[in-house]
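Novice: here is the input, now give the coordinates:
(one chain, ligands or ions: 1)
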Amino acid sequence: MSSETMQAVILEKSEGGSSLVLRTVPCKQPGAGEVQVRLHAAALNRRDVWIRLGRYAGIKLPTILGSDGAGVVRAVGTGVSSDWVGKAVVINPSLNFGGNQDAQGDDYRILGMPDDGTYAESIVVPVGNVVEKPAHLDFAQAAALPLAGLTAYRALCVRGQLRPGQTVLIPGIGSGVSTMALMFAVHLGARVIVTSGSLDKLEEAKKLGASFGVSYRDADWDEQVSRFLGGALVDVVVDGAGADAWSKSLNLLRPGGRIVSYGATAGLAQIDLRKVFWKQLNILGSTMGSERDFAEMIALIRSGKLRPAVDQVIPLAEAARAHERMEHSQHMGKIVLRIHD
Ligand SMILES: NC(=O)c1ccc[n+]([C@@H]2O[C@H](COP(=O)([O-])OP(=O)(O)OC[C@H]3O[C@@H](n4cnc5c(N)ncnc54)[C@H](OP(=O)(O)O)[C@@H]3O)[C@@H](O)[C@H]2O)c1
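Specialist: Got it, this is the predicted structure:
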C-alpha cells in the first residue's frame with residue numbers, strides 16, 4: 001500500500017445492476033478523532049449481498065462495502081494518542097449508536113455504505129470504533145467477529161436474556177450471526193437446538209456444541225424438536241430467518257418465553273397472535289448493538305478464549321466469488337477476505 005493510493009473492491013453500477021470491481025483509489029487520511037487502519041482481513045455479511053442485489057434501503061453507489069475488519073493502526077488524527085500506532089485492532093461497525101441502550105439514534109449508520117467499508121487495504125474510522133484485537137485470535141478470526149458477534153450477543157444475551165441451563169432455538173445455523181449465537185450460548189451453558197437446510201451444517205453445528213439439529217425443509221421439524229425435548233419447550237428463540245420458521249418457533253416457545261428477531265432472510269412472517277397473547281410471549285427486535293454491547297461481547301470473547309467459526313478465507317480480489325458463496329448460502333459461519341498477511 002502506498003501512502004497515496006490503495007487497492008479496494010468497489011461496488012459500482014454496471015449493465016443490469018451492480019458489480020464488484022478491484023480498483024486503485026485514493027487512500028483516506030485520518031482527521032480529528034480518527035485512526036487509519038491497515039486492514040489484514042475483512043468479512044462478509046448478508047447485508048453486503050442485499051446491497052449488491054439492490055435490496056437495501058438508501059443505496060449509494062459507487063461504494064466500498066464491508067462492515068467487518070481487523071488490522072493494525074497505521075496513523076492517527078489530531079486528538080488521538082499516538083500509542084494507538086502499531087496496535088492490532090478490531091473495528092466496531094456500529095457508527096453513532098448513541099447513549100440510549102434501548103435502541104440506536106437517528107444518525108445511526110452501519111460501516112460499509114454509505115461510509116466506505118472494509119473491502120480495502122485501509123480504512124479511516126473514529127478512534128471510539130476500534131478495540132484491541134483479542135490476542136488469541138488471528139486477523140481472519142478477528143475480522144469475522146464484529147457485526148455478527150455484536151448482533152448475536154445483543155440478540156441472545158441483552159434482548160434474549162439467555163441464562164445457563166436454559167434452552168435456545170437458533171434457526172438457520174449456517175448464518176454468520178447464528179454460528180456466533182451458538183458459540184455464545186454453548187459458552188454460557190445453555191442447551192442449543194438448531195435448524196438448517198443442510199444436513200452437513202447440522203453435523204458441523206453438533207461439533208460446535210449444538211444438542212440437536214433438524215432440517216427446516218422437513219414439514220414436521222417443530223414436532224421433531226418437541227420429541228427430542230420430551231415435550232418440554234424452549235426458553236428463547238434467536239431468529240434471523242423469518243418466514244415459516246416463525247410460526248413453528250412460536251409453537252416451541254414456553255409460556256412467557258422470548259423470541260428475538262434480528263433478520264428476515266427467508267421473508268416476512270405471518271404469525272398467529274392468539275399464540276402470542278395466550279402464551280404471554282415476548283417478541284423482541286434487535287439490531288446490531290451499542291458501544292457497551294460491543295465491549296461486553298469482546299470481553300466475553302477474551303475471557304472465554306472463544307473463536308468464531310470461519311467458513312473460508314478468500315483473497316480480496318476474489319470478493320465477487322465470496323459473494324456468490326454467501327448468496328447461495330453455501331457457507332457455514334463467516335466468509336473472510338484476506339487483504340494483507
Ligand atoms: N438486525 C441486524 O443488526 C442484523 C445484523 C446481521 C444480520 N442481519 C440479518 O440477519 C440475517 C442473517 O444474516 P447473516 O449475515 O448471518 O446471513 P447469512 O450468513 O447469509 O445466513 C443466512 C442463512 O439463512 C438461513 N436460512 C435461509 N432460509 C431459511 C429458512 N427458511 N429457515 C431458516 N433459516 C433459513 C440459511 O441457513 P442454513 O445455511 O443453515 O440453511 C442461511 O445460511 C440476514 O437477513 C441479515 O440481513 C441483521
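Novice: only C-alpha atoms from now on, for both contacts and neighbour counts.
Specialist: OK.
Novice: grab the nearest non-local neighbour of Pro30.
Specialist: Gly77 (4.8 Å; Cα to Cα, 6 or more residues apart in numbering).
Novice: same check, this time on Leu316
Specialist: Leu337 (5.1 Å).
Novice: what's the helix or strand for the one you found?
Specialist: In this assignment (DSSP states H and E), Leu337 forms part of strand 334-338.
Novice: that strand pairs with which strands, and in what direction?
Specialist: Sheet partners assigned to strand 334-338 using DSSP bridges are listed as strand 34-43 (antiparallel), strand 310-315 (parallel).
Novice: which of those strands is buried the deepest?
Specialist: strand 34-43 (a mean of 28; mean count of other Cα atoms under 10 Å).
Novice: what's the first helix or strand after that strand?
Specialist: Next element after strand 34-43 (DSSP H and E): helix 46-52.
Novice: circling back: count the residues that sit near the residue nearest to Pro30.
Specialist: When neighbours are counted by other Cα atoms under 10 Å, Gly77 registers 18.
Novice: ok, it touching Gly33?
Specialist: Yes. Between Gly77 and Gly33 there is a contact under Cα atoms under 8 Å: 5.8 Å.
Novice: isn't there a helix covering Ala245?
Specialist: Yes. Applying DSSP: H, G, I helix; E, B strand; the rest coil, one finds Ala245 inside a helix.
Novice: I'd say it and Leu169 touch.
Specialist: No. Look at Ala245 against Leu169 with Cα under 8 Å: they stay out of range, at 10.6 Å.
Novice: before we move on, the earlier item: could you save the strands paired with strand 334-338 as a markdown table and add columns showing mean pLDDT and distance to the ligand?
Specialist: Below are the strands paired with strand 334-338 laid out as a markdown table (pLDDT from 0 to 100; distance: least, Cα to the nearest ligand atom, whole Å):
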| stretch | mean pLDDT | distance to the ligand |
| --- | --- | --- |
| strand 34-43 | 98 | 10 |
| strand 310-315 | 98 | 10 |
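Novice: export those to CSV and tack on distance to Met288?
Specialist: Shown next, in CSV, are those (distance: least, Cα to Cα, whole Å):
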stretch, distance to Met288
strand 34-43, 16
strand 310-315, 20
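Novice: of those strands, which approaches Leu22 most closely?
Specialist: Leu22 lies closest to strand 310-315 among the strands paired with strand 334-338, at 11.4 Å (Cα to Cα).
Novice: hmm, the helix or strand that the closest one is followed by touching the ligand?
Specialist: For strand 310-315, the following helix or strand on the C-terminal side (DSSP H and E) is helix 319-327. Yes. Interface with the ligand: helix 319-327 contributes Met326 (Cα under 6 Å from any ligand atom).
Novice: name the residue in Ala245 and Leu169 with the higher neighbour count.
Specialist: Using other Cα under 10 Å as the criterion, Ala245 and Leu169 rank with Leu169 on top: 27 against 22.
Novice: next, the contact list for the more buried one, please.
Specialist: Contact analysis of Leu169 by Cα atoms under 8 Å, 6 or more residues apart in numbering lists 192-194, 234, 236-238, 249.
Novice: contact partners for Gly174?
Specialist: Taking Cα under 8 Å, 6+ apart, we find Gly174 in contact with 196, 201, 329, 331-333.
Novice: scratch that, Leu316 is what I was asking about
Specialist: So Leu316 contacts 9, 119-120, 337-339 (Cα under 8 Å, 6+ apart).
Novice: okay, those residues in CSV with pLDDT, distance to Arg163 and neighbour count next?
Specialist: Shown next, in CSV, are the contacts of Leu316 (pLDDT from 0 to 100; distance: Cα to Cα, whole Å; neighbours: other Cα atoms under 10 Å):
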residue, pLDDT, distance to Arg163, neighbour count
Val9, 98, 41, 26
Tyr119, 98, 37, 32
Ala120, 98, 39, 30
Leu337, 98, 34, 29
Arg338, 98, 36, 24
Ile339, 98, 38, 27
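Novice: kindly reformat the residues you listed as JSON lines containing distance to the ligand.
Specialist: Below are the contacts of Leu316 laid out as JSON lines (distance: Cα to the nearest ligand atom, whole Å):
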{"residue": "Val9", "distance to the ligand": "19"}
{"residue": "Tyr119", "distance to the ligand": "16"}
{"residue": "Ala120", "distance to the ligand": "19"}
{"residue": "Leu337", "distance to the ligand": "14"}
{"residue": "Arg338", "distance to the ligand": "18"}
{"residue": "Ile339", "distance to the ligand": "20"}
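Novice: those residues: which two are farthest apart?
Specialist: Most distant of the contacts of Leu316, by Cα to Cα, are Val9 and Arg338, 12.3 Å apart.
Novice: mind listing what the residue nearest the centre of the chain touches?
Specialist: The centre of the chain sits closest to Ala148, judged by Cα atoms, centre = their mean, with a distance of 1.6 Å. The contact partners of Ala148, by Cα under 8 Å, 6+ apart, come to 45, 176-177, 180, 288.
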